[in-house]
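**Student:** Build me a structure from this.
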Amino acid sequence: MGDRWHVEVDRSVCIGSGMCVNHAPDAFHLDTARQSHPREEDRDAAEQVLAAAEGCPVEAITLTLVGSGEVVFPPED
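**Tutor:** Coordinates of the predicted model:
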């Protein structure tokens, strides 16, 4: 069984660019205010979801491992 990620979007940071939806439309959607939301908070790890997080121009998306809480993205300095 593979890793599962907890997906969070900080909507106080989100600028509604839609890059997350472009990279992973099955994982993110924009509401009527153009704020991003994960379609599922906990989901199987996937390259498209990581690409969406990496492509967010304001790093509003955080991915952590379900269970341990270890940060997958953004990388800790």
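
**Student:** residues in contact with the residue nearest the centre of the chain?
**Tutor:** Geometric centre of the chain, nearest residue: Ile61, 4.2 Å, by Cα atoms, centre = their mean. For Ile61, the contact set (Cβ atoms under 8 Å, 6 or more residues apart in numbering) comprises Val7, Glu8, Val9, Asp10, Cys20, Ser36, Ala52, Ala53, Phe73. No exception for glycine: its C-beta is placed from N, CA and C like everyone else's.

**Student:** Isn't the third one up against His37?
**Tutor:** Yes. The pair formed by Val9 and His37 meets the contact definition of Cβ atoms under 8 Å, at 6.2 Å.

**Student:** higher neighbour count, those two?
**Tutor:** Neighbour tally, Val9 and His37, criterion other Cβ atoms under 10 Å: the higher count belongs to Val9, 20 against 14.

**Student:** so what's the closest residue to that one other than its chain neighbours bridging to?
**Tutor:** Distance criterion Cβ to Cβ, 6 or more residues apart in numbering; nearest residue to Val9, sequence neighbours excluded, is Ser36 at 4.6 Å. Taking DSSP bridges, one obtains Leu30 as the residues bridged to Ser36.
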